[in-house]
Structures are given as structure tokens and as C-alpha cells.
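In: Sequence and predicted structure are below.
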Amino acid sequence: MKIGILALQGAFIEHANMLQALNVDSFEIRQKKDLNQPMDGMILPGGESTTMYKLLVDLDLFDSVKEKIQQGLPVFGTCAGLLLLAKTVHNHSNPYIQTMDIIARKNAYGRQLGSFRTIGTFAGIENVPFVFIRAPYIEQVGDGVEVLAIIDDKIVAARQDNQLATAFHPELTKDLTIHRYFIEMCKKQ
Ligand code: GLN
């Protein structure tokens, strides 16, 4: 089992640490040749979605990353990664990867006050810590999308086939629940 972590910007090291705690190998995706390595899944970390998008395009990674997701590679997008995956970002006009049938709202909790911690239920698993940092939320999901977590009536985690997205940052906690869930997705692929 080996997971590629997009390492252009943002919180990628923290994801590698979570995977290590689960005894799962990972490597950083920084340039095109890194995508030639065999991988069982890919993580798009939190950071700043427009910056990450521009780097993906500038480094000529965008098309290959999108293609891998379309071909069924399991992918896990956190926060900015969720925005990259969303088919539509309500308050943002740039096209991103757009493979997941969700409508998201960027900086949905307000720019300054949008960082908070809470405890929630994820895929029926209770007491999971959620960390939000200038987070988006999901306003609407398409037919094939399973809602995995709701906080204050807002959808904050969802899955569509090979794609998992969370508005929060499980990699900034010590709780391995969500990474474990993603690794199970990668095993079944
Ligand atoms: N607000 C960021 C964006 O718009 C996402 C924040 C995060 O990833 N923590 O991309």
C-alpha cells in the first residue's frame, strides 16, 4: 500500500505523519515524474485552493492528476483539497479539478472567524475531532454522493465512489479515524 500526497503547498507533512501512524507508506508528489510511481491512493491536502490549482497547472500536473481520479484512483481532499474536487464552488469562478458532484462554498464560515474545533460523527463513528481552518462546507450533493458528516446543519464530509472530501483537517488531530477510512477505500479499489 502506497499513497501519493500532493506536496506543492499547505499541510502535506501532517498527512504523511498520519499514514505513518497507520503503517502506510507515502511519497510526495511535487513534479510530473512523481506521478509515474505506482500508488493506491492520493491525498490533496489543505492549503489555499487557488494557489494549489495554479501550481498544479504551472508544473503540468493538473491533467494527469485529474485523469487518475477519473480513472478511479482513490483520492482524499481535505479543505482546499475538497474545493479542488468540487464540481462547483459557489463563490468562486475558477475551474478546479471538478470531478466530485458537490457544490461547495469557499471560506464558508467567514475569513477571520472561520477556524474552530468541534467533535462530530463521521460515517456513524462518534466522537471524532474536527478542526476547521477558513473552511469550506458543502452546500449540495449530487445523487451518487454519500454524506458522511454534518456539523450545525452543514455537510462537512462526503464520498462519491473513489473520492472522499472533508471540509476539516483530520491530519491536525491525533485521531486516525478518517485516514483509516480512506485506507479502507484504497484497499477495496
Ligand atoms: N480557505 C482555503 C481555500 O480557499 C482553504 C483552507 C484550508 O485548506 N485550510 O482554499
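Out: Nice, thanks for sending it over. From a predicted model like this one, the values you see are computed outputs, not experimental measurements.

In: Make sure I have this right: S64 is in a helix.
Out: Yes: under DSSP: H, G, I helix; E, B strand; the rest coil, S64 falls within a helix.

In: Please work out how many residues are found near the residue nearest to it when sequence neighbours are not counted.
Out: The shortest distance from S64 to any non-neighbouring residue, by CB to CB, 6 or more residues apart in numbering, is to L35 (5.1 Å). Quick note: C-beta positions are derived from backbone N, CA and C, even for glycine. Neighbour count for L35, taken as other CB atoms under 10 Å: 16.

In: I3 too?
Out: Neighbour number of I3 under other CB under 10 Å is 23.

In: Could you do M185 as well?
Out: 18.

In: go on, the one 3 residues further on?
Out: Neighbouring residues of K188 were enumerated by other CB under 10 Å; the total is 8.

In: In contact with the residue nearest to S64, which residues?
Out: 4, 29, 61, 64-65, 68 (CB atoms under 8 Å, 6 or more residues apart in numbering).

In: What of T50?
Out: 92, 94.

In: Leaving out the residues flanking it, which one is nearest to I138?
Out: Nearest non-adjacent residue to I138 (CB to CB, 6+ apart): I155, at 3.9 Å.

In: Which positions within the one helix or strand the one you found maps to qualify as buried?
Out: Using DSSP states H and E, I155 falls within strand 154-160. Buried residues in strand 154-160, counted by 16 or more other CB atoms under 10 Å: 154-160.

In: possible to save those residues as JSON lines with distance to the ligand?
Out: Putting those into JSON lines (distance: CB to the nearest ligand atom, whole Å) gives the following:
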{"residue": "K154", "distance to the ligand": "15"}
{"residue": "I155", "distance to the ligand": "16"}
{"residue": "V156", "distance to the ligand": "13"}
{"residue": "A157", "distance to the ligand": "14"}
{"residue": "A158", "distance to the ligand": "16"}
{"residue": "R159", "distance to the ligand": "19"}
{"residue": "Q160", "distance to the ligand": "20"}
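
In: So which of the residues you listed is the closest to I103?
Out: I155 (9.9 Å; CB to CB).

In: Touching stretch 145-162 from outside, list them.
Out: 69, 72-75, 100-102, 108, 118, 120-123, 128, 130, 132, 135, 137-139, 141-142, 144, 164-168, 178, 185, 189.

In: mind listing which of these are in strands?
Out: 75, 100-102, 118, 120-122, 128, 130, 132, 137-139, 141, 164-166 (DSSP state E).

In: From those residues, keep the buried residues only.
Out: 75, 100-102, 120, 122, 128, 130, 132, 137-139, 141, 164-166.
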